[in-house]
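K.L.:
Got a predicted model here, sequence first, then my questions.
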Amino acid sequence: MNTRNTKQKEIILETLQNMNTHPTILELYEEIHKIDPSIGQATVYRNVSKLVKEKLIQKIPTNDGVDHYDGNCCQHYHFVCQRCHRLVDLYGDEVFPLLQQIERKHHLEICDIHILCEGICNDCK
């Protein structure tokens, strides 16, 4: 099923892709509202849900119950500080050999993986 690309959806996607943070839906809405005040909160929520479903953005669920979003869909992982709650992108190929080993051992095909590491960031130490 093809989904329609509306101007609002394009603005939401571009805004998230240009942000260097991992905003909550409310933070994203506030940023979008600065760009185009005519885009309502319901439109942002609805389109973010569609963009996640289409795998154009990532939804990052955290243990504090607040979802964050990432416009960077390159293969990477996340670290969240337990004190300041800042999310940081983690890159590295170290995980892929482990996944291949798990697939072979258990006769599986892993299609997607989400890793969220928790700890204390350098600023909060």
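P.N.:
Okay, I see it.

K.L.:
Quick check: which element contains Asp89?
P.N.:
Using DSSP states H and E, the element containing Asp89 is strand 87-90.

K.L.:
For that strand, what is the distance to the chain centroid?
P.N.:
10 Å (Cα atoms, centre = their mean, to the nearest Å).

K.L.:
Quick one: residues in contact with that strand.
P.N.:
Strand 87-90 has contacts (Cβ atoms under 8 Å, 6 or more residues apart in numbering) with 21-22, 60, 62, 68, 70, 72, 76-81, 115, 117, 121. In this view, the C-beta of every residue, glycine as well, is placed from N, C-alpha and C.

K.L.:
residues in contact with the strand or helix carrying Asn47?
P.N.:
For Asn47, the host element (DSSP H and E) is helix 41-53. Here helix 41-53 makes contact (Cβ under 8 Å, 6+ apart) with 3, 6, 8-9, 12-13, 16, 25, 28-29, 32, 57-59, 69.

K.L.:
picking that back up, now the element after the strand holding Asp89, going C-ward?
P.N.:
helix 95-106.

K.L.:
avg pLDDT for that following helix?
P.N.:
Averaged over helix 95-106, pLDDT sits at 92.

K.L.:
avg pLDDT for whatever helix or strand comes next after it?
P.N.:
Once helix 95-106 ends, the next helix or strand along the chain (criterion: DSSP H and E) is strand 116-119. Throughout strand 116-119, pLDDT has a mean value of 94.
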